[in-house]
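Colleague: model the following, please.
(chains A, B and C)
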Amino acid sequence: MKRFLDLADFSREQILDLLALAQSLQDHPQPHALAGKILGLVFLNPSLRTLASFQAGMARLGGNSFVITPGRGTWQLETRLNAIMNGAAAEHVREGIPVLASYCDALGVRAFADGKDLDSDLNEALFGMIDGLCDKPLINMESAMNHPCQALADWRTMDELRIPTRAKFVLNWVYHPKALPLAVPAATLHMAAMRGMEVVVARPEGFALPPQIMAKARLAAAAAGGTVSETSDRAAALAGANVLYAKEWGSTLHYGDVEADASLRADLPDWCVTERWFTHAAPDAKLMHCLPVRRNVAVADEVLDGPRAVVKREAFNRLAVQMAVLHRMLA
Amino acid sequence: MKRFLDLADFSREQILDLLALAQSLQDHPQPHALAGKILGLVFLNPSLRTLASFQAGMARLGGNSFVITPGRGTWQLETRLNAIMNGAAAEHVREGIPVLASYCDALGVRAFADGKDLDSDLNEALFGMIDGLCDKPLINMESAMNHPCQALADWRTMDELRIPTRAKFVLNWVYHPKALPLAVPAATLHMAAMRGMEVVVARPEGFALPPQIMAKARLAAAAAGGTVSETSDRAAALAGANVLYAKEWGSTLHYGDVEADASLRADLPDWCVTERWFTHAAPDAKLMHCLPVRRNVAVADEVLDGPRAVVKREAFNRLAVQMAVLHRMLA
Amino acid sequence: MKRFLDLADFSREQILDLLALAQSLQDHPQPHALAGKILGLVFLNPSLRTLASFQAGMARLGGNSFVITPGRGTWQLETRLNAIMNGAAAEHVREGIPVLASYCDALGVRAFADGKDLDSDLNEALFGMIDGLCDKPLINMESAMNHPCQALADWRTMDELRIPTRAKFVLNWVYHPKALPLAVPAATLHMAAMRGMEVVVARPEGFALPPQIMAKARLAAAAAGGTVSETSDRAAALAGANVLYAKEWGSTLHYGDVEADASLRADLPDWCVTERWFTHAAPDAKLMHCLPVRRNVAVADEVLDGPRAVVKREAFNRLAVQMAVLHRMLA
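Modeller: Modelled structure (predicted):
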């Protein structure tokens, strides 16, 4: 495996193989599998789980890693092509990425959406450039529109919880003070569709996921025997739901327009998940979230601290699935 | 050992065993003792010695580590229970700590005092919460009221220097432009008391250590055959002293009141240790300090650069004693 | 080898030996050569290549490393002797360096020029102090006036490209919005002189390298059979050039005077390397630069993206030569 950028690049069988490898590495640790291998980790944006779990994963397989956080002890990186670099950024990704790739055996990169132009972000303009600059195996640690490590961990989490592949999975918009990227909702939607679930996207008006994202997920659902639909009727969506996957994201109607987005979300603070949301859900419905989660803003304490919440388990699984990806790439 | 949070949690014999293990690991290195083990290090506050020595200690024992510094490349962490998280912090320790603990075999956490409410800090409200959230071995890398790693290193330093257990140990307040936490003075006091020394706390009026801290130390002193007293008469305290342990801390009379504290310390810049302070001390009296030390503010160059100062040796010993703690926890 | 501070500290034969070791380690990896060894890395200034390549180099040789970046999660370090430390810096290098050195087997330090007093910077006042404080092997990861790791990588790059030792090497000033240090130009000049090349320094008036730097290079050139000259006539310098080594640096005429420097460079933005600069150069002339490089400010895209540019290869070689230095110091 030379690239781990998007679950959609793999067949369902390949994903199931990766999940089986994750389980196998848990049951039968291979503490020397990656001896002498080095993983470079480049974080253009903050991280907690990804930062810690990739370092821990390499160490558990006998390998090493180093971390570069541009702008924090490292030069700020320019990402625009043809830029006249007389501003804050001292180095261009066109030099930075190939150089860092040369020091390691695989590179993980986190580069959030620019959040200004939807088409550019949908096209993964920046991550596409990074992909083209990296001659080593490359892992997407969250790009403009994807977060395959999170999606794979969430898939494993549902398998562990024996949530049926045909179960009802509601990707539910929740409140956040600011517009967050579409990476996790897009990746989550695709994962649930590819798993063959009955997927419903519940979001307020103005927050519909881009048609390209929806269409891609529908294709995956069709291949896996599942469905994808969307609604702004939260109650209808949650009726009979087996999973409520809560996620914050920015308005797509006003993409890149901070003020219009803020004005739209000003009326939506009640999109904070409480126990009441589960009244008509399946009795043992689960609450999922990729973390970090703002307590009592996106999800209430009563849910996060109750038996429905499996958010920590999702995070624990980041380590397991990423070790499988690293093993497949480097062993 | 599942917790290393406070010297007071251990018997004197257990502490002596740890110190013996530190010596043994120095005499007979065990470069593979922690092969495959991972230490997670979470720094909610700055660090130099702790950051470097824990990483080095794990490496010297064949293990690995990763570092998380919330707010610096990682989400800022919320620590208040029931917080409505609509501010700067994106993640709560209730998620962050268990998740990070799941990636490693032991966790070290630094979380300074909040510095607003003395009772809350004395109760170790934050570290107690972290303790309850961590299902892996946990190391206190400095909490509101404790710094057991520093205390253990200081104990070893005095043993190395053959300072008798019955020697006179003066914990001496020194000047600093700002109110610093009580963690090191409290831990140092307890360590010297537990070692059985004749301990005197010399501090200006308004800077008395909290009665709970003093009482706890008196109990330890009684058990070990030592004494604990306090005074604002610096000259009396230093007469015949074998050790002057210099330390800066905030006013307890005005705990959490920045202005009142500043006004109180405005008259105290002469509490900067000079050679003259040792006029009536024991001839070979030592100057100890946990570092970092502000030269010519807390301690004068002439003392730090002279033969009395053993501050670097104290810091060197951080590595030795922490390796013993890690070995006991993880080997 | 106890110190790697300046190529000038070594004979030409010793440098060639190091380069041979770099090649040997590439051809015949020694993944356990530094097992159990720890490298401490202290960055008083930002870094990308140095930060990543030293960590990767230690890992490739089986060793470990830790990173300290004062002011970023670590106390800001005071560097002035006799300072009254009542400002932002909490710790002095007089404590910080010996303590960090005690935790590792070798220390790498980056400490840029202060940029205020030329004589002080020429005397390496700060790095000299650090040198005196460190009782472990020490590596200069860029000081006020030196960057031997970069210079060694550049030497190797020219060897790999079969650029004759007698070729014409032009160290060419290029534009940058701010005054940058003299470390790389000084180290590069010395390296090319020591390699025996026909070295020309091309720079605008007011940017001549200090006479001490020029004289030291001339001595090295004489010993190696090369020459060193300087000019402000760019076209004359580049006629027949085999290598254009582009580098930004501050005015030496107005050293430490930000405004006078800014006013001098205000007229010089056309000192940005374009393809036209190579009109009268040797047909296969190469463009070198230590990186980071500001695209279309210091060097145009057309050059950096064309076949002349070997800047990434120079950066790749950092890993190879630093592994040789580490191996010589610690194996």
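
Colleague: do I have it right that A:Y103 meets A:G40?
Modeller: Yes. Assessed by CB atoms under 8 Å, A:Y103 is found in contact with A:G40 at 6.2 Å. Where C-beta positions appear, they are placed from N, C-alpha and C, glycine not excepted.

Colleague: and for these two, which residues touch both?
Modeller: Taking CB atoms under 8 Å, 6 or more residues apart in numbering or on different chains as the contact rule, A:Y103 and A:G40 both touch A:F66, C:A52, C:A56.

Colleague: most neighbours among those residues, which one?
Modeller: C:A52 (27 neighbours; other CB atoms under 10 Å in any protein chain shown).

Colleague: mind listing what that one touches?
Modeller: C:A52 sits next to A:G40, A:F66, A:I68, A:V99, A:L100, A:Y103, A:C104 when contact means CB under 8 Å, 6+ apart.

Colleague: before we move on, what about A:R72?
Modeller: Taking CB under 8 Å, 6+ apart as the criterion, A:R72 is in contact with B:R72, B:G73, C:R72.

Colleague: how about the second one, nearest residue that isn't a chain neighbour?
Modeller: Nearest-residue entry for B:G73: A:T69, 4.5 Å, with adjacent residues in sequence omitted and distances by CB to CB, 6 or more residues apart in numbering or on different chains.

Colleague: helix, strand, or coil at A:F54?
Modeller: The local conformation at A:F54, judged by DSSP: H, G, I helix; E, B strand; the rest coil, is helix.

Colleague: the one 5 residues further on too?
Modeller: Under three-state DSSP, the three-state class of A:A59 is helix.

Colleague: then A:T188?
Modeller: Assignment for A:T188 (three-state DSSP): helix.

Colleague: A:R49 touches A:L291, doesn't it?
Modeller: Yes. The criterion here is CB under 8 Å, and A:R49 meets it with A:L291 at 6.5 Å.

Colleague: overlap in contacts of these two?
Modeller: Residues within reach of A:R49 and of A:L291 at once, by CB under 8 Å, 6+ apart, are A:A315, B:V99.

Colleague: more crowded one of these two?
Modeller: Using other CB under 10 Å, the more surrounded residue of A:R49 and A:L291 is A:R49, with 29 against 21.

Colleague: and that one, what does it touch?
Modeller: By CB under 8 Å, 6+ apart, the contact list for A:R49 reads A:L291, A:A315, A:R318, B:V99.

Colleague: return the per-residue confidence for the closest residue to the second one other than its chain neighbours.
Modeller: Right, the one you point to is A:A315. Nearest-residue entry for A:A315: B:V99, 4.2 Å, with adjacent residues in sequence omitted and distances by CB to CB, 6+ apart. On pLDDT, B:V99 comes in at 98.

Colleague: B:V99 contacts A:T50, doesn't it?
Modeller: No. Counting by CB under 8 Å, A:T50 is not a contact partner of B:V99; they are 11.1 Å apart.

Colleague: was I right about A:L34 contacting A:V325?
Modeller: No. Contact between A:L34 and A:V325 fails when scored by CB under 8 Å: they sit 11.7 Å apart.

Colleague: just give the number of residues close to the residue nearest to B:G73.
Modeller: 21.

Colleague: cool, and A:D119?
Modeller: For A:D119, using other CB under 10 Å, the count is 10.

Colleague: SS state for it?
Modeller: Quick answer, by three-state DSSP: A:D119 is helix.

Colleague: and for the strand or helix carrying A:L244, what's in contact with it?
Modeller: A:L244 is located in strand A:243-247, with elements delineated by DSSP states H and E. Under the criterion CB under 8 Å, 6+ apart, residues A:154, A:158, A:163, A:167-174, A:184-185, A:188, A:192, A:197, A:238, A:273, A:277-278, A:281, A:285-290, A:293, A:298-299 lie in contact with strand A:243-247.

Colleague: okay, and which of those map to strands?
Modeller: Members of the contacts of strand A:243-247 lying in strands (criterion: DSSP state E): A:K168, A:F169, A:V170, A:L171, A:N172, A:W173, A:K286, A:L287, A:M288.

Colleague: out of those, who's the most crowded?
Modeller: Of these, with other CB under 10 Å as the count, A:F169 tops at 31 neighbours.

Colleague: what does chain A have sitting close to chain C?
Modeller: Proximity of chain A to chain C, by CB under 8 Å from any CB of the partner chain, involves residues A:35-36, A:38, A:40, A:64, A:66, A:68, A:70, A:72-75, A:78, A:82-86, A:90-92, A:94-96, A:98-100, A:102-104.

Colleague: buried ones from those, can you make that a ChimeraX selection?
Modeller: Buried members of these, defined by 16 or more other CB atoms under 10 Å in any protein chain shown, are picked up in ChimeraX with:
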select /A:36,38,40,64,66,68,70,72,73,74,75,78,83,85,90,91,92,94,95,96,98,99,100,102,103,104
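
Colleague: helices - which of the residues of chain A next to chain C land there?
Modeller: Mapping these onto helices (DSSP state H) picks out A:R94, A:E95, A:G96, A:P98, A:V99, A:L100, A:S102.

Colleague: now the second one: closest residue in space that isn't a chain neighbour?
Modeller: For A:E95, ignoring the flanking residues on the chain, the nearest one in space by CB to CB, 6+ apart is C:L291 at 5.6 Å.

Colleague: identify the bridge partners of the closest residue to chain C within chain A.
Modeller: Closest approach between chain A and chain C, counting by CB to the nearest CB: A:E91, at 3.4 Å. With DSSP bridges as the criterion, A:E91 is bridged to A:L77.

Colleague: isn't it right next to A:A83, touching?
Modeller: No. Using CB under 8 Å, A:E91 is not in contact with A:A83; the gap is 11.3 Å.

Colleague: which other helices and strands contact whatever helix or strand A:Q150 lives in?
Modeller: Element membership for A:Q150, per DSSP H and E: helix A:148-160. Under the contact definition 3 or more CB pairs under 8 Å, 6 or more residues apart in numbering or on different chains; DSSP states H and E, helix A:148-160 sits against helix A:12-27, strand A:138-140, helix A:183-194, helix A:311-330.

Colleague: ranking the ones you listed by burial, who's on top?
Modeller: Mean neighbours per residue, mean count of other CB atoms under 10 Å in any protein chain shown, is largest over the helices and strands packed on helix A:148-160 for helix A:183-194, with a mean of 27.

Colleague: tell me the helix or strand right after that helix.
Modeller: Toward the C-terminal end, the helix or strand that comes next after helix A:183-194 (DSSP H and E) is strand A:198-202.

Colleague: what is the rounded mean pLDDT of that following strand?
Modeller: Rounded mean pLDDT across strand A:198-202 is 98.

Colleague: counting contacts, what elements does it pack onto?
Modeller: Going by 3+ CB pairs under 8 Å, 6+ apart, strand A:198-202 lies up against strand A:168-173, helix A:183-194, helix A:211-224, strand A:227-231, helix A:234-238.
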